[in-house]
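[1] Pasting a predicted model and its sequence here:
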Amino acid sequence: MCNDYGNYVDYADYLAAFSQTRIPVTWPDAIPNLQPRDDIWPTDKAPVIRRLEDGANEFSEIRWGFPPAQPKRPPVINFRSEGRRFSVGRCLVPASFFYEFTGTKSPKAKWKFTKIGEPWFCFAGLWRPMPDGGSAFTLLTTEPSPDVAPIHDRQMVILERSDWSAWLQETGNEKDLLRALPAGSLEVHQIRP
């Protein structure tokens, strides 16, 4: 399952995309220092657009991975979406690409997935405050699309831009939103044998 993705999104691209989609977002007072990142790993901080309890949407950088339910377990970085409803804590997690790995021996084969026709996209995610302060997010998963199935048996939910608002503002049905993209939506390259 995806435990590594990249983000090359420029701050101006966020502003333009959310203006075009007419999704109101509260932006930071100062432009954040968003460096292009080839690898965002669990427990790293990353940009998200999150829906707050008061109904506002906010851009912020928070940690990837909910704390585990039991000590000495890994953080919860992915969460199954099938048959579930998510009435609070929705967020969009921007990405330029993501990776999947195959094989049993290290280093495993590494596969890079990008969305055809778009320089970046958003995963459907959930966020929540952490007991020790700060906030964290997790990525929602679903059955794999035909593009991902040869590599992995699950995938992150990638939302179409036209569905960003429905996800954040809870105006769409989870079953319709939290699904794999059609065949031919993702370009796949093996970048490490």
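    It's in. Residues are numbered from 1 along each chain as shown.
[2] Quick check, central residue of the chain?
    Averaging the C-alpha coordinates of the chain gives a centre point, and the residue nearest to it by C-alpha atoms, centre = their mean is residue 123 (3.1 Å).
[3] got a list of contacts for the host helix or strand of that one?
    For residue 123, the enclosing helix or strand under DSSP states H and E is strand 121-129. Strand 121-129 is contacted from outside by 5, 48-50, 62, 66, 79, 81, 86, 89-95, 98, 115, 135-140, 156-159, 161, 164, 167, 177-178, using C-beta atoms under 8 Å, 6 or more residues apart in numbering. Heads up, the C-betas are built off the backbone N, CA and C, glycines and all.
[4] distance of the closest residue to the residue nearest to the centre of the chain other than its chain neighbours from residue 107?
    With sequence-adjacent residues excluded and distances taken as C-beta to C-beta, 6 or more residues apart in numbering, residue 123 is closest to residue 93, at 4.2 Å. Separation of residue 93 from residue 107 (C-beta to C-beta, to the nearest Å): 26 Å.
[5] okay, the two: which has more neighbours?
    The neighbour count for residue 93 versus residue 107, taken as other C-beta atoms under 10 Å, is higher for residue 93 (29 against 9).
[6] Which parts of this structure are strands?
    The residue ranges that make up the strands of the chain, judged by DSSP state E, are 5-7, 37-40, 45-51, 57-64, 78-80, 90-95, 97-102, 109-115, 121-129, 135-142, 155-156, 158-159, 186-192.
[7] Export those as TSV, with columns for mean pLDDT.
    Below are those laid out as TSV (pLDDT from 0 to 100):
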stretch	mean pLDDT
strand 5-7	97
strand 37-40	96
strand 45-51	97
strand 57-64	96
strand 78-80	92
strand 90-95	98
strand 97-102	94
strand 109-115	95
strand 121-129	97
strand 135-142	96
strand 155-156	94
strand 158-159	97
strand 186-192	94
